[in-house]
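Engineer: structure here, sequence nowhere to be found:
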């Protein structure tokens, strides 16, 4: 929808809103609602840019180690009411990621004293009938 409305907004001088809405099969009142909501969208984008700057500052202050949970806690300590999902989305969109310092550990480890099973058939798997090897 947004792409259609944006297209109508760019070409309405040449073709008219009614014709473009009919061709693109969108509601004309919907276009005008979208147009009226533009200042709110711009304000929301500006607030998100300010928040992204604050998130980047927190992230840089802690040497890039903080991920979204710790950044959320830090923002709440600073007095902002914010959801962790919003912080995650902004960090993902701006490609801000924390550092994982934990070493990966394998859950299955071979025994130190384990010996390999002997190869009794010499890797020869041919058999005349089932159950012979």
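Structural biologist: Cool, got the structure. The structure displayed is predicted, hence computed values, not measured ones. Residues are numbered from 1 along each chain as shown.

Engineer: retrieve the pLDDT associated with the spatially most central residue of the chain.
Structural biologist: With distances taken as CA atoms, centre = their mean, the chain has residue 92 as the residue nearest its mean C-alpha position (4.8 Å). Looking at residue 92, its pLDDT stands at 94.

Engineer: likewise residue 23?
Structural biologist: 92.

Engineer: mind listing the helices for the protein?
Structural biologist: According to DSSP state H, the chain carries its helices in the segments 2-15, 17-24, 28-36, 38-61, 68-77, 84-93.

Engineer: so which of those helices gets nearest residue 101?
Structural biologist: Residue 101 sits nearest to helix 68-77 of all the helices of the chain, at 12.6 Å, using CB to CB. Every residue, glycine included, has its C-beta placed from N, CA and C.

Engineer: buried ones in the closest one, by neighbour count?
Structural biologist: 68, 71-72, 74-75 (16 or more other CB atoms under 10 Å).

Engineer: out of those, which comes closest to residue 120?
Structural biologist: The closest of these, once distances to residue 120 are taken by CB to CB, is residue 68, at 55.4 Å.

Engineer: show me what contacts the closest one?
Structural biologist: The contact partners of residue 68, taken as CB atoms under 8 Å, 6 or more residues apart in numbering, are 84, 87-88, 91, 98.

Engineer: what's the farthest-apart pair in those residues?
Structural biologist: 84 and 98 (13.4 Å).
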